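Participant: Pasting a predicted model and its sequence here:
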Amino acid sequence: MWCTKPFWLIAFLGFGVFVQAQQATPRFLESQLVVSHKLSNTYNANLAFSSRMEYEDANSSLPTGFVQLSHFSTFRVGNNSHFGLGLMYRFAEDFEAKSPNEFRLTQQFHTATKPNVVRYAHRFRVEERFVGAETYTRLRYSMGIDFPLNGQALDLKEAYTLYNAESLLQLNNNQSPRVDFRISGGVGVLVTPKTKLQATLQYRFEQLTQNQTGRWFLLLGGYIKI
């Protein structure tokens, strides 16, 4: 039953109220399609396409901020751990983002445990961002949980929920260190044995060491295994 975990549902609803109360602008809608393929017992690859639209209160339109293409390879290093390498290119100059295109390299270690129904995940990530003439290094750590909303396992046509908290440190030779913190919660549905649809609401506390700002994102994703 959907009510088998009322505490988590109430927490998610409370999170949504908190985000709305922040009155942070601008607002962003981001969509993503990820296609993954398991090439062997130890190697998995995925390709992703995503785009972001920005909403300003003074303008009811939803102009595109960027589109991006990415590839990620993951290598299993244990029963529950993976090491990953990623490439991403963001096309922003041709849109209204007013920022240069970006190329990004990612190195990642991900580990997860599932002692009972709830899965606990930890992700450590290092990114090198090449934005115009600037180079940034970002150190990221996130902790997340997810679990089915009905029963002990996620079955076909059933929903799950997920929550995540992430800290981020960005370094640049010409700028002061930047610290961000992000919290998110969402729901998803297992549409077919190899397809998931997911919606996540995320709030970002940005530049905590400088002039703190905040804004929220609605993230819509489709995940397909082939």
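Facilitator: Nice, thanks for sending it over.

Participant: From here on, just use CA atoms for contacts and neighbour counts.
Facilitator: Will do.

Participant: Can you tell me how far N164 is from P148?
Facilitator: N164 sits 15 Å away from P148, going by C-alpha to C-alpha, to the nearest Å.

Participant: between those two, which one's more packed in?
Facilitator: Under the criterion of other C-alpha atoms under 10 Å, the comparison of N164 against P148 puts P148 first, with 23 against 19.

Participant: residues near the nearest residue to the more buried one once chain neighbours are set aside, how many?
Facilitator: The shortest distance from P148 to any residue that is not its chain neighbour, by C-alpha to C-alpha, 6 or more residues apart in numbering, is 4.0 Å, and that residue is Y160. Look at Y160: counted by other C-alpha under 10 Å, it has 19 neighbours.

Participant: Which is the succeeding secondary structure element to the helix or strand hosting Y160?
Facilitator: Using DSSP states H and E, Y160 sits in strand 159-172. With elements assigned by DSSP H and E, the helix or strand that comes after strand 159-172 is strand 175-192.

Participant: relative to strand 159-172, how tilted is that following strand?
Facilitator: Here strand 175-192 points in a direction 160 degrees away from that of strand 159-172 (axes from the mean of the first three to the mean of the last three C-alpha atoms, to 10 degrees).

Participant: who are the neighbours in contact with the residue nearest to P148?
Facilitator: When contacts are counted by C-alpha atoms under 8 Å, 6 or more residues apart in numbering, Y160 touches D146, F147, P148, L149, N150, L154, V187, G188, V189.

Participant: Other residues contacting whatever helix or strand S73 lives in?
Facilitator: Assigned by DSSP H and E, S73 belongs to strand 64-76. Residues outside strand 64-76 that contact it (C-alpha under 8 Å, 6+ apart) are 41-54, 82-93, 95-97.

Participant: Surely E93 is in contact with S99?
Facilitator: Yes: the pair E93 and S99 qualifies as a contact (C-alpha atoms under 8 Å) at a distance of 6.0 Å.

Participant: what about the closest residue to Q212 other than its chain neighbours, neighbour count?
Facilitator: With sequence-adjacent residues excluded and distances taken as C-alpha to C-alpha, 6+ apart, Q212 is closest to E206, at 5.7 Å. When counting by other C-alpha under 10 Å, one arrives at 18 neighbours for E206.

Participant: E206 touches I183, doesn't it?
Facilitator: No: with contacts defined as C-alpha under 8 Å, E206 does not count as touching I183, sitting 11.5 Å away.

Participant: quick one on the thing from earlier: now do the contacts for the residue nearest to Q212.
Facilitator: Residues touching E206, when contacts are defined by C-alpha under 8 Å, 6+ apart, comprise V179, D180, F181, Q212, T213, G214.
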